[in-house]
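Engineer: coordinates for the following, if possible.
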Amino acid sequence: MKRQIRIVPLSLWPDHEHAAATAEGLTAFLRVLPADHRIAILDVDGLGAALRAVIEGVVGAARCLYLNSTLHAVSEDRRWGITAVGRLPEGIGIVIVVSPAQTYLAAMRTVYERFPGHPPVVLPFAASGLPPDAPPPLVNAELGDDTPIVFCLTPNCGTGRLSPSVNTILGFLEKRRPRRASPSVNRRLVASIEAPKVGYGYFPAVRKALDDAHFHAFERMDLDYWDDVHDFISTETLARLDFCKIVALYRDPRDYVVSAYHWHLDGYHSGLYAELAALPKEQGLLKFFEGTVSRSPMGDLVGQVPPLSIVARNFADYRKHAHILPISYEELRTNPRQLYLRMLAWLGIDKVIFKGVPDEMLEYAISLGDFSKQSGGQHTEGKSDAYFSSASGFTGLRKGIVGDWRNHFTPKVKERAKELIGEALIELGYEKDLDW
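Structural biologist: Prediction:
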């Protein structure tokens, strides 16, 4: 849901050099407030004692309720009717934020979420854009959509290119994120899943156990939170998460399966490593077309690569749901700026007050997905089929190019792919027909 709140920007000076001017400007504003306005003074970081003194000196302490960032009443008065911590009374006419300007977005969200009636918020240090002698305006401010956000990042679809950028942008916009581990590394859950150490084919029980665990984790997400999942989740499960906005990353299924094959071939962490190393590439790729399930050598992780036909159908079905925004790796690689602008607009967080993403911030965030930046200049896109290992360990960086399947599919592999995913490739726009 998109949120707006009314604000009063006073354009006062926020530094000690102009403290006298700040006090004078705030005093002038307070004197024109209706006498029946009850005032909440919100001090997010405990630095607003001087402004609090100015406010109470003009209107009197009896009209003021002084609150800290957790909405504890610092100076409680029974006339306000406060009966429990964080439970605020009705009838607050205005909230004055006495903390520095960098706290304003958090303060406004707190008022919107916790204060009955969403009273107007006075921001002494916010610029109004009006002449100094003009009366303070009452304007609507965008706080952004508070619908929970989930990024569905199917492995081997370019998570390493998207994730650092998304983390940076949403951190800048002060979106909140819960702490949780992926179900696939939850030792209690993993121990309860009946799965072979290495197996080929489709294992619906494994998929259901992991899907259900993801669903129940996201089901508890609060408003204004976001999270991601680096796992295959069926579109059927994503469809049930219609109380979230879901950004689903996908890529050409042929490139996906080549990347997945090399991940397990190169990864000492994979239970498939020894078996794949003993097979010719053609045979190994055909095995991956069937799907696989494996446990890590330590038994503390279970992973599934669903059959290629199911993965491709999943990608195509993203488009059938209004709460899912499909984004392709190909666009992420070739036109990231346009993709991020479209994504932020779809999420409803592109016009947040005081937090519009400037061009330089967007360019910096995009640069974080570059292979060279992530590897400290040691790994270049398109140069190697092997995953890059740094001094700190194995990474998710391999080749990163579009159309790499052409370097690995033999005629036999290609014909089998046409049988399994030919129609899905046409639906996804990767091919016009089966003549490829």
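
Engineer: tell me which residue is most central in this protein.
Structural biologist: residue 226 (4.5 Å; Cα atoms, centre = their mean).

Engineer: surely that residue touches residue 147?
Structural biologist: No. Using Cβ atoms under 8 Å, residue 226 is not in contact with residue 147, being 9.6 Å away. Where you see a C-beta, it was placed from the backbone N, CA and C, and this is true even at glycine.

Engineer: ok, the residue nearest to the centre of the chain - contacts?
Structural biologist: 148-151, 170, 175-177 (Cβ atoms under 8 Å, 6 or more residues apart in numbering).

Engineer: which two in these are spaced the farthest apart?
Structural biologist: For the contacts of residue 226, the farthest-apart pair by Cβ to Cβ is 151 and 176; their separation is 14.5 Å.

Engineer: neighbour count for these two, which is higher?
Structural biologist: Using other Cβ atoms under 10 Å as the criterion, residue 151 and residue 176 rank with residue 151 on top: 23 against 16.

Engineer: wait, a strand at the more buried one?
Structural biologist: Yes. Counting by DSSP: H, G, I helix; E, B strand; the rest coil, residue 151 is part of a strand.

Engineer: so how far is residue 325 from it?
Structural biologist: 10 Å (Cβ to Cβ, to the nearest Å).

Engineer: shared neighbours, these two?
Structural biologist: Common contacts of residue 151 and residue 325 (Cβ under 8 Å, 6+ apart): 246-247.

Engineer: got the contact list for the residue lying closest to residue 432 once chain neighbours are set aside?
Structural biologist: Of all residues not flanking residue 432 in the chain, residue 426 sits nearest, at 6.7 Å (Cβ to Cβ, 6 or more residues apart in numbering). Applying Cβ under 8 Å, 6+ apart to residue 426 gives the contacts 432-434.

Engineer: need phi/psi at residue 426.
Structural biologist: With angles defined as degrees, to the nearest 10, residue 426 sits at phi -70, psi -40.

Engineer: then residue 285?
Structural biologist: When read as degrees, to the nearest 10, the backbone of residue 285 gives phi -60, psi -40.

Engineer: one step back: closest to residue 287 among the contacts of residue 226?
Structural biologist: Distance to residue 287, by Cβ to Cβ, is smallest for residue 151 among the contacts of residue 226, at 29.3 Å.

Engineer: could you check how far the residue nearest to residue 432 is from residue 418?
Structural biologist: Applying Cβ to Cβ, the value for residue 426 to residue 418 is 11 Å.

Engineer: show me the common contact partners of those two, please.
Structural biologist: Common neighbours of residue 426 and residue 418, using Cβ under 8 Å, 6+ apart, are residue 434.

Engineer: can you list the domains in the chain?
Structural biologist: Listed by automatic domain parsing, the domain ranges of the chain are 4-142, 149-428.

Engineer: those: lowest mean pLDDT?
Structural biologist: Mean pLDDT is lowest for domain 4-142 out of the domains of the chain, coming in at a mean of 78.

Engineer: quick one on the thing from earlier: and the contacts of residue 226, which of them are buried?
Structural biologist: 148-151, 170, 175-176 (16 or more other Cβ atoms under 10 Å).

Engineer: any idea how far the helix or strand containing residue 171 is from the chain center?
Structural biologist: Residue 171 belongs to helix 159-172 when elements are defined using DSSP states H and E. Distance, stretch centre to chain centre, for helix 159-172: 8 Å (Cα atoms, centre = their mean, to the nearest Å).

Engineer: the inter-axis angle of that helix versus strand 149-153?
Structural biologist: Orientation check (axes from the mean of the first three to the mean of the last three Cα atoms, to 10 degrees): helix 159-172 against strand 149-153 gives 170 degrees.

Engineer: helices and strands around helix 159-172, which ones?
Structural biologist: Other helices and strands packing on helix 159-172, by 3 or more Cβ pairs under 8 Å, 6 or more residues apart in numbering; DSSP states H and E, are strand 149-153, strand 226-229, helix 329-334, helix 336-347, helix 359-367, helix 371-374.

Engineer: what comes up buried for that helix?
Structural biologist: Across helix 159-172, burial judged by 16+ other Cβ under 10 Å covers 159-170, 172.

Engineer: before we move on, what about stretch 135-153?
Structural biologist: Using 16+ other Cβ under 10 Å as the test for burial, stretch 135-153 gives 136, 139, 141-153.

Engineer: alright, calling it a day.
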